[in-house]
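>>> coordinates only, sequence not included:
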């Protein structure tokens, strides 16, 4: 034995340890992959040895390689070997490797159950701790079921270190094994009032996560959390609790009312930005839940908006971002209070940070009104010009469309203006959102009848200029707009001024370079135009002109017949034949216009996208019923292979020698693939070549020749939306004058008393802005007797669904967690357990029994308690103006927070860890005074230490936290 | 909940990775390169929060090393931002003036520190002394 040990340590001297490996990799920068594969070979040799120290060292190195991207799942069994080492130094290496690479699909994991159970019940708290930590990463449903009871027992461990970890692991256990939730819940609830703040915080964390998914089951805990919130001084915990309340308030408005006061107090008092942000968020949630808009809460919303304004105005970009994020939540319910800060939001549009600009854009969406839409869009358009060639510009474009089209074009008063904006946007180069613009054009032209004439004129200009076609056939490129333009010109051709010209534009040879689906629309709409022209010519009695048009069609259509696109080809040959037929008729002098127009008779109406879904199933129709006799199960099973491969099967059964070679080849190929897959440096075929191209670094260095455009990009004859701004102003002014005049008249009639007050009345409201032209926006059609309900389908595979169980119901016997028999633990007893004092072991048994007994009793008690609790909650909530006893404990609680926060001072912006120190001190010396004293002293020291590093606000590391390069230089 | 915790240097080399939800090894490298790329593309003037796929990245830069934490929407961004600094302070205390090499050479120990601070995607401990206690005991054990 001893000899072996010595031999082992000698062996180890020649092995590389982790440090050598890291150094080696750094020294082999040129042939890193080769060096590492060499190392892996060495590691494989090491793993074959019996010495556990060697194995642990090998596994430690593997963990490093795994981080670099190498698959180490082949060593899973060795990892388990190291996990079961008796020495903690080795065991932890095993658990670390396991936590990094094991997952539910790892098959050897089932071998670990007993080992983990043994470690969980180990007398050393660190053994237990490392097992719990590891378990949190790789717990499988099987492990969760088998170990749930063990972990639950650990929740009442004597050491807070273990309790804390056990509580947190329970969350993963619940997810993997939902049956464990109900039996374990009472104990989890107990832990909310654990004397140790760490355990308490862990329990809050777990319940917060659980409640987020199924809030209604946790409503009964609200009073307890309320107590915690008003008494805790730990900002980390406070944040979680406040977040939890944010999830609960939508279910219980009374809870919200109760929360407002302590939360606003916190907002006023706290210096930690994270906490402030959380409070504001929850206050917003509360105010949303109190949708009835109670007047006395306008103060709190005002407070929130004010605080957020401070955040947004801060020079720290992080705060700015969060401020805008929270502001957008307020916007949904209280747009008025946010609209007052439009200046600030517009200012953020100029920010250097793109994410802040995007947030500001989100806010703008809710800020527009009839009055300011034109102005805001103009501002956005100017940003569009500035932001050339970026993803941000695309974002701007979608936002402009979103803003204008929201709520059924609620804010658009002048559709001519809107169409001009859309046309102006088509002049953007390289946007991906051509289809969006196209959809908008179609929507507006179809649904706003009054605008059709204008729209058709614009669209024909677009078709005519056709600068859009030059972009090449990029999908979703700006040429998509032509799809809409062609359709609008065709469908509403009666509004065209110069149909002949448009027809010629649509038949240009250049059109054939457009994407197929656009060409198809061209072909179809050419016929509509053609029909329209025929009619005009025949009415004007110009048969020759009509024949010329037909001639044009017959000449130009063959270019589409030759198209590679099936759709284009098919449509074009049909239309060509039609044109030829008409030509014959025309030669005979037969009038054809009527019949050709009949092809497109009738009007197309917009249909709501959801219409199909809303058609109710007629009575007596069962969609799931079989139409024919269902095939029997036994038949269907072997039917498939028989039907298709019946003939081949016997051939396959024969052993064929050449196939063996193929197999061998396939095997080798597979092996090679495997090897390549394991090597992260091997460039694999990426799923999307385009993406890779984008990701390539240094694309910017490719020289781009600047094209000198002597011709201005502005399309002649195109409207500029800016002109409408002026027009709009004038129109408004006129309207105002008229109104004033009317009012004056009225006034004169009424009385001539108070002329001054009249001018005060001069406030503009949304209603004052009358639309430029009478437009009726056609609503989308819905099927008759469609159901109004809008059921959102929930995902049946949601793992949190299983956790939606009634937690207050008393436990049934069948639900109890399976308790591991002791026999099992004893048989797996290993040598290292022998040094455990015997007394300990003896103690354990009765203790467990006791616990069980206690649990049973608790279960009984619970029954009675449940009903009481339900009433308690009601009582607690119904005391809307806080009851006399309630404020007493509350106020000092909040004050304590203030005091702590003020005293702290040193961590002004974060969830202070100073609080943590305080909590720790409090734990050690229950007397408040001494702890306070200590704290102060502690703080002073800390303050001095940290003074210099607190100043730089962002990203700059404190002076002494530099990751220093000098040492690295030494090693080079 | 924290989804992953990464330490990546400017060259894109991962120095520490911890995933609190299983991600396939092949996807990890891809994710890590994407993450560091989006961090590198940002300047000092930009905020430290990035909306990335369906989660949020919160990062801080220390010399050439980025610490990036991926969280879901239930986490308080500011708290995580402070937490990263807290983590670096703990490392600094243990390694006394921590450098990138310390982290590479002592990967297992850094993992112990991180495991003491974050468990199951939740922040469990922020007190320096308590975080380092198990590690110090371990060091004593291996010395003897």
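Yes, it's here. Just so it is clear, the model here is predicted, and its values are computed rather than measured.
>>> remind me which helix or strand residue B:61 belongs to.
In this assignment (DSSP states H and E), residue B:61 forms part of strand B:55-62.
>>> partner strands of that strand and their direction?
strand B:49-52 (antiparallel), strand B:65-71 (antiparallel) (DSSP bridges).
>>> contacting residues around stretch A:360-367?
A:324, A:327-328, A:331-332, A:335, A:338-339, A:342, A:345-346, A:348-349, A:351, A:376, A:380, A:395-396, A:399, A:402-403, A:406 (C-beta atoms under 8 Å, 6 or more residues apart in numbering or on different chains). Every C-beta, even on glycine, is put in place using the N, C-alpha and C of the backbone.
>>> again but with stretch A:547-566, I slipped
Against stretch A:547-566 from outside (C-beta under 8 Å, 6+ apart): A:500, A:503-504, A:507, A:509, A:512, A:516-517, A:519-520, A:522-523, A:526, A:530, A:533-534, A:537, A:568-569, A:571-573, A:575-576, A:579-580, A:582-583, A:586-587.
>>> report the buried residues of stretch A:340-349.
Buried residues in stretch A:340-349, counting neighbours by 16 or more other C-beta atoms under 10 Å in any protein chain shown, are found at A:341-342, A:344-346, A:348-349.
>>> same thing with stretch A:259-274?
A:259-260, A:262-267, A:269-274.
>>> could you do stretch A:501-513 as well?
Within stretch A:501-513, the residues that qualify as buried are A:502-507, A:511-512, counting by 16+ other C-beta under 10 Å.
>>> which two in these are spaced the farthest apart?
A:502 and A:512 (17.5 Å; C-beta to C-beta).
>>> what distance do you get for residue A:40 to chain B?
Separation of residue A:40 from chain B (C-beta to the nearest C-beta, to the nearest Å): 14 Å.
>>> no, scratch that, I was asking about residue A:193
18 Å.
>>> what residues are up against residue 39?
Using chain A here. A:16, A:21, A:24, A:61, A:65.
>>> that's the wrong chain, I wanted chain B
Per C-beta under 8 Å, 6+ apart, neighbours of residue B:39: B:8, B:50, B:57, B:59, B:61, B:66, B:68.
>>> from the residues you listed, which is closest to residue A:146?
residue B:68 (35.4 Å).
>>> what's across from the closest one in the sheet?
With DSSP bridges as the rule, residue B:68 is bridged to residue B:6, residue B:59.
>>> confidence score at residue A:89?
pLDDT for residue A:89: 88.
>>> please list all residues in contact with it.
If you count contacts by C-beta under 8 Å, 6+ apart, then residue A:89 has A:56, B:138, B:141-142 around it.
>>> switch the cut-off to 7 Å
Contact partners of residue A:89, counting by C-beta atoms under 7 Å, 6 or more residues apart in numbering or on different chains, are B:138, B:141-142.
>>> if we can go back for a sec, ok, and what's touching the strand holding residue B:61?
A:955, A:957, A:961, A:963, B:3, B:35, B:38-39, B:48-50, B:66-73, B:77, B:80-81, B:84-85, B:88.
>>> show the buried residues in those.
Neighbour counting over those (16+ other C-beta under 10 Å) leaves A:957, A:961, A:963, B:3, B:35, B:39, B:48-50, B:66-71, B:77, B:80-81, B:84-85, B:88 as the buried ones.
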